[in-house]
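Asker: let me see the structure of the following:
(chains A and B)
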Protein chains: 2
Amino acid sequence: MERRIGLLGGGQLGQMLCEAANPLGAKIWVLDAAGSPAKQINARTSHVDGSFTDPEKIRELARQVDLLTVEIEHVDTHVLEEIAERGVEVTSADGSKRVKTVEVQPSWKTIRTIQDKYLQKDHLTRSGVKTAESMAVEGSDLEAVGRELGYPFMLKSRKDAYDGRGNYPVKSPADISDALEALAGKSLYAEKWANFRLELAVMVVKTENDTSDCGKSTIAYSVVETVHEDSVCKLVYAPPRDVSILVQREAQDLARKAVGSFPGKGVFGVELFLLPDGELIVNEIAPRPHNSGHWTIEGCPTMSQFKSQLLAILGLMPSFPNSTIPAMFPATVMLNILGGKTQASHNKLMNMAIAIPAGALHMYGKDSKPGRKIGHITVVGSSLSEAEALMAPLIAVADDIRAERKGLPRTKSVLSSLAPAARPLVAVTMGSDSDLPVLKPGLALLTTLGIPYHVTITSAHRTPQRMTDFAASAASKGFKVIIAAAGGAAHLPGMIAASTPLPVIGVPVKGSTLDGMDSLLSIVQMPRGVPVATVAINNSINAALLAARILGAHDGAIQQRLVKYAATMEEEVVEKAARLEDVGSEKY
Amino acid sequence: MERRIGLLGGGQLGQMLCEAANPLGAKIWVLDAAGSPAKQINARTSHVDGSFTDPEKIRELARQVDLLTVEIEHVDTHVLEEIAERGVEVTSADGSKRVKTVEVQPSWKTIRTIQDKYLQKDHLTRSGVKTAESMAVEGSDLEAVGRELGYPFMLKSRKDAYDGRGNYPVKSPADISDALEALAGKSLYAEKWANFRLELAVMVVKTENDTSDCGKSTIAYSVVETVHEDSVCKLVYAPPRDVSILVQREAQDLARKAVGSFPGKGVFGVELFLLPDGELIVNEIAPRPHNSGHWTIEGCPTMSQFKSQLLAILGLMPSFPNSTIPAMFPATVMLNILGGKTQASHNKLMNMAIAIPAGALHMYGKDSKPGRKIGHITVVGSSLSEAEALMAPLIAVADDIRAERKGLPRTKSVLSSLAPAARPLVAVTMGSDSDLPVLKPGLALLTTLGIPYHVTITSAHRTPQRMTDFAASAASKGFKVIIAAAGGAAHLPGMIAASTPLPVIGVPVKGSTLDGMDSLLSIVQMPRGVPVATVAINNSINAALLAARILGAHDGAIQQRLVKYAATMEEEVVEKAARLEDVGSEKY
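Answerer: Below is the predicted model:
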């Protein structure tokens, strides 16, 4: 941590980089305007006031540090090249001059390639990474481009474009002159239209300078789904809401391959499109921490994207099994806070974020301007549905802020008034509604013990697929225990146990013949490998108590309620004994 | 977040308070020496340079803010009283003077009571909170005190004592003169010796000013175990390593009662002793964030003790179910970094902390001095044994740093190469050693699944008391599940279930008659109120798997191993099917 780090740009990304650096004892010198967000929380160094595009200021910064990095790719890479390749001249106290070596990470070559979107896409294509087909259009006939790429296509500025600025969709030849006028003065390229199903993103850490083996040089965070509005990132879902694990792994591999093709070290944000046919292509890459990685601050609390950026450029990044940094919570959702019509427009949103125990508010210390990113909110949950339920009312308020800002009618959102229900911990199911009377005393006891549950019917023989789906998804839905009741050839508890890693409690229901022995043996005599915790025939009370004991093994409040319950049972028996002894067995 | 906060003291606690405040947009003005840790990461305000014990500096700070709080209790409470009760005089731009109201949180009364340890203990005793018996000794005969409290007793400085400074153990009347000399010039009190089994701590958030109902006014974090060395906190374990959930719950209740008795809002650190007989007493209380709560930065990443302090004093603390803030990871362990012999002594420890993906390093930006708290390291784990294993090599290095600092022989620590012995999670018992062969496959499977267990024999009919003791103490010993096997009139599983709130799994053992049906029905047909999770006759494999599912419901690593186990079973069957189809059923 002794190497001094210089940072070009002191906005929110730089600020969060300093937040990660402070507790590590890493020192960062920031080049940006005085009072910029990063400088607000870092008084450990003598920052440089000025523009991160000013070559002389960049050299001034370089003189103070050992290593330069960026929070933005729109920088002068020729100065970075000069510094990285030839060093920077420093004057010693005695007036003598010498040349000091300063490392630049990620490599100036990478920043130069990526900051020109056409060069970036060309590089990706030549590296064998699938991306949208692109054509340089300098001086070319856009009608010819339209014939080549088809309509609509995107006309884009090659440089200095972000958050949708510098993009123009050309829907037909009639749009061409408007597009050229809108993007006048900029160097342009054309991109084939990608009709994606949804947008994914992967943060990738590059830990080696070379580009020979992305398997060794890159580590991927979990895949997220990003939702954009007005061409600006609005929401990030980790994990994505409806993307198979297999596609998520493919996305990580593609992102690692893309990042592995660029020289230098650091963290990279990779935006991807998931096409309707399931194919993944890279949309674009940022050679720095990225909005789609803000969820990692809480979602990976010991290894955020900002800590990774620091450790990667310092050569201190630890290795991870399977070269992936797993999310440390089952679900994390992030919402950006954009400035509203007035300086106070977002106050309600801030207050709501503060009122969520599993929520974190991040304000960047920037003046609010309409549409400007001024903060973000993250919530973590033990399931995606829980995190979504926590975030829903905040999204409704963000929608109101946007409607007011844009002068749109404010849509009445039902979400804002609804509190998320207590998350059920126990799933209760039965083979038939005729089993319900047997289960009712147990359900009543779960309510008494304050344990939220969800009841449904899944028949092993009449709804086999429904039963399997129910069992296979129960753990990911946040259930901790399943109670299943069935009678006769009672296959349900065992079949459910076969499709879940959760503990399954079986309640044998007594039928009209055999006194329930058929149900009991069908449930209890499971083969090795698939256990069912069987309770007595028709005894749903004991099933509920067993579920409570299982939850109580890790939840003191529930265990305490069980101790009270046992004490009450004991008192009842003692009272009855006293009365029996008092009045005698004949009168009792 | 518009209220301006003034903070007395800018050490590491103030620094971490600013870390929590920055992203919330809360602004803190710090009174301490220039360049103090809190000021290093907070350049948003015009701090006051000076001593937090200087009344004029405190008034200067008060003029700039709306609310004063502390990171240390050794402050001048008379100035705080003056400011809280009568406000502070400010001069407007036009030269006119007015009195400005400034809130002080926690209340100056609370700080005044707590900063004098004798008054603190007296207050606790009068509030009905158990604490060590204390006597004011001003001018009294210490030999009489010794006769009253017994030997050894502690002679303590009433004020300005921390990290063991100002304490003197008086082992016999012969120590009295040395003790008085060591603590000369201080106002003293004597405290009865507490021969505790271990030390626990609970962070408590107080959200209301009044003291009428701790049930409404306080919220408790999870209980932790603290380990002290040289009278300084060394390690914090969340949860404690060997304390039942019920005792943890009691500790939270006692800590809440103690904190609820003090006026004002804020976060409080409550240190407790767990006595050998299981009784809990309060050791002492800090009216501020506390070393024993640092684990919450990663352990409760959306609600650290520092965020709670801010939200509580601002009146913005959300409510929590059961008035408890649950830990968000199954286990968190914190190790303090104390300065070593040289400035570089701790570098190895820092590097090791950085190399742990689930670890977080917090350096405070303080110069290293021998024995000074200069940072801490936190690791999170999916179980306490995992977190302990991650921390073990770091503890060994911390021990080396201490040995070098104290000139002690460097003990070859076995910890550096060895993970701590895994604490058994499953208790396995049987009615007779003749049941062991039936249990063996299940025990082998527990080993395969990496689940530590403890095996014993307890016969319901031959060792009834031993059986009851075993069952009644299982939860407090840290077991999460019990497996009990028995045959014939198999009373053991049910009798065990009658004396524990833990889930009990019953394995019916097949005897020489009735094919095991006698055992099965004796175990499964339990009356309402006392459930036994019964598995198939002789099927200890399923008992082990059920135990693993119960643990896995709250331990992702175990659940993952179960998913792999199921996949292996599936593969085996698919392979056998392929072979059967290949060679035909006759040759198979």
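Asker: surely residue A:6 is within a strand?
Answerer: Yes. Under DSSP: H, G, I helix; E, B strand; the rest coil, residue A:6 sits within a strand.
Asker: what residue ranges in chain A score low on pLDDT?
Answerer: Within chain A, the segments meeting pLDDT under 70 span A:1, A:139-140, A:411-423.
Asker: which one's the longest helix in it?
Answerer: Ranked by number of residues, the top helix in chain A under DSSP state H is helix A:556-587.
Asker: got the contact list for the residue minimising distance to the centre of chain A?
Answerer: By C-alpha atoms, centre = their mean, chain A has its centre lying nearest to residue A:238, at 2.5 Å. Taking C-beta atoms under 8 Å, 6 or more residues apart in numbering or on different chains, we find residue A:238 in contact with A:222, A:223, A:224, A:225, A:295, A:299, A:327, A:331, A:332, A:333, A:334. In this view, the C-beta of every residue, glycine as well, is placed from N, C-alpha and C.
Asker: one more pass at 7 Å, please.
Answerer: By C-beta atoms under 7 Å, 6 or more residues apart in numbering or on different chains, the contact list for residue A:238 reads A:222, A:224, A:295, A:299, A:327, A:331, A:332.
Asker: got JSON lines for those residues, with neighbour count and distance to chain B too?
Answerer: JSON lines is the format used below for those (neighbours: other C-beta atoms under 10 Å in any protein chain shown; distance: C-beta to the nearest C-beta, whole Å):
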{"residue": "A:222", "neighbour count": "22", "distance to chain B": "14"}
{"residue": "A:224", "neighbour count": "29", "distance to chain B": "18"}
{"residue": "A:295", "neighbour count": "29", "distance to chain B": "12"}
{"residue": "A:299", "neighbour count": "30", "distance to chain B": "9"}
{"residue": "A:327", "neighbour count": "19", "distance to chain B": "11"}
{"residue": "A:331", "neighbour count": "24", "distance to chain B": "13"}
{"residue": "A:332", "neighbour count": "28", "distance to chain B": "10"}
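Asker: where do the helices sit along the stretch 401-550 of chain A?
Answerer: Taking DSSP state H, counting those that start in this stretch as the criterion, the stretch 401-550 of chain A carries its helices at A:436-448, A:464-474, A:492-497, A:517-524, A:540-552.
Asker: okay, those in TSV with distance to chain B and mean neighbour count next?
Answerer: Listed next are those as TSV, based on distance: least, C-beta to the nearest C-beta, whole Å; neighbours: other C-beta atoms under 10 Å in any protein chain shown:
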stretch	distance to chain B	mean neighbour count
helix A:436-448	8	17
helix A:464-474	10	17
helix A:492-497	8	27
helix A:517-524	6	24
helix A:540-552	3	28
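Asker: could you dump the ones you listed to JSON lines with distance to residue B:454?
Answerer: Output for these, formatted as JSON lines (distance: least, C-beta to C-beta, whole Å):
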{"stretch": "helix A:436-448", "distance to residue B:454": "31"}
{"stretch": "helix A:464-474", "distance to residue B:454": "30"}
{"stretch": "helix A:492-497", "distance to residue B:454": "26"}
{"stretch": "helix A:517-524", "distance to residue B:454": "26"}
{"stretch": "helix A:540-552", "distance to residue B:454": "19"}
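Asker: how close does the residue lying closest to residue A:108 once chain neighbours are set aside get to chain B?
Answerer: Nearest residue to residue A:108, sequence neighbours excluded (C-beta to C-beta, 6 or more residues apart in numbering or on different chains): residue A:80, at 3.8 Å. Distance of residue A:80 to chain B, given as C-beta to the nearest C-beta, to the nearest Å: 27 Å.
Asker: again with residue A:211
Answerer: Distance from residue A:211 to chain B, by C-beta to the nearest C-beta: 25 Å.
Asker: ok, that residue - how many residues close by?
Answerer: Using other C-beta atoms under 10 Å in any protein chain shown, residue A:211 has 17 neighbouring residues.
Asker: swap in residue A:98?
Answerer: Burial of residue A:98 is recorded as 9 neighbouring residues (other C-beta under 10 Å).
Asker: which strand residues bridge it?
Answerer: Beta-bridge pairing of residue A:98 under DSSP bridges involves residue A:90.
Asker: distance of it from residue A:89?
Answerer: Per C-beta to C-beta, to the nearest Å, residue A:98 is found 7 Å from residue A:89.
Asker: picking up where we left off before, can you give me how far the longest helix of chain A is from the chain middle?
Answerer: 51 Å (C-alpha atoms, centre = their mean, to the nearest Å).
Asker: and the angle for that helix with helix A:540-552?
Answerer: 150 degrees (axes from the mean of the first three to the mean of the last three C-alpha atoms, to 10 degrees).
Asker: name the residues of helix A:556-587 that are buried.
Answerer: Neighbour counts over helix A:556-587 (16 or more other C-beta atoms under 10 Å in any protein chain shown) mark A:556, A:557, A:558, A:559, A:560, A:561, A:562, A:563, A:565, A:566 as buried.
Asker: would you confirm that residue A:173 contacts residue A:143?
Answerer: Yes. Counting by C-beta atoms under 7 Å, residue A:173 does reach residue A:143; the two are 5.6 Å apart.
Asker: hmm, residue A:500 is touching residue A:470, no?
Answerer: No. Using C-beta under 7 Å, residue A:500 makes no contact with residue A:470, being 8.8 Å away.
Asker: could I get the contacting residues of residue A:71?
Answerer: A:7, A:8, A:9, A:11, A:13, A:14, A:17, A:288, A:289.
Asker: and the last one, that's in a helix?
Answerer: No. According to three-state DSSP, residue A:289 belongs to no helix; its state is coil.
Asker: pretty sure residue A:160 contacts residue A:74?
Answerer: Yes. Between residue A:160 and residue A:74 there is a contact at 5.3 Å, judged by C-beta under 7 Å.
Asker: what's the longest helix of chain A packed up against?
Answerer: On a contact count with 3 or more C-beta pairs under 7 Å, 6 or more residues apart in numbering or on different chains; DSSP states H and E, helix A:556-587 meets helix A:540-552, helix B:245-260.
Asker: how about those helices in a markdown table, adding distance to residue A:452?
Answerer: Shown next, in a markdown table, are the helices and strands packed on helix A:556-587 (distance: least, C-beta to C-beta, whole Å):
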| stretch | distance to residue A:452 |
| --- | --- |
| helix A:540-552 | 10 |
| helix B:245-260 | 20 |
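Asker: quick one: which of the ones you listed is nearest residue B:180?
Answerer: helix B:245-260 (30.5 Å; C-beta to C-beta).
Asker: residue of the stretch 1-150 of chain A nearest chain B, please.
Answerer: In the stretch 1-150 of chain A, the residue that lies nearest chain B is residue A:25 (3.7 Å; C-beta to the nearest C-beta).
Asker: from what I see, that residue and residue B:364 are in contact.
Answerer: No. Checked against C-beta under 7 Å, the pair residue A:25 and residue B:364 is beyond contact range at 8.7 Å.
Asker: comparing the two, which residue is more hemmed in?
Answerer: Counted by other C-beta under 10 Å, residue A:25 and residue B:364 do not tie: residue B:364 has more neighbours, with 23 against 18.
Asker: which parts of the stretch 1-150 of chain A sit against chain B?
Answerer: A:1, A:22, A:23, A:24, A:25, A:39, A:40, A:41, A:42, A:43, A:44 (C-beta under 7 Å from any C-beta of the partner chain).
Asker: show me what residue A:360 is bridged to.
Answerer: Residue A:360 has the following beta-bridge partners by DSSP bridges: residue A:378.
Asker: neighbours of it, how many?
Answerer: For residue A:360, the tally of surrounding residues (other C-beta under 10 Å) stands at 26.
Asker: residues in contact with it?
Answerer: By C-beta under 7 Å, 6+ apart, the contact set of residue A:360 is A:298, A:378, B:302.
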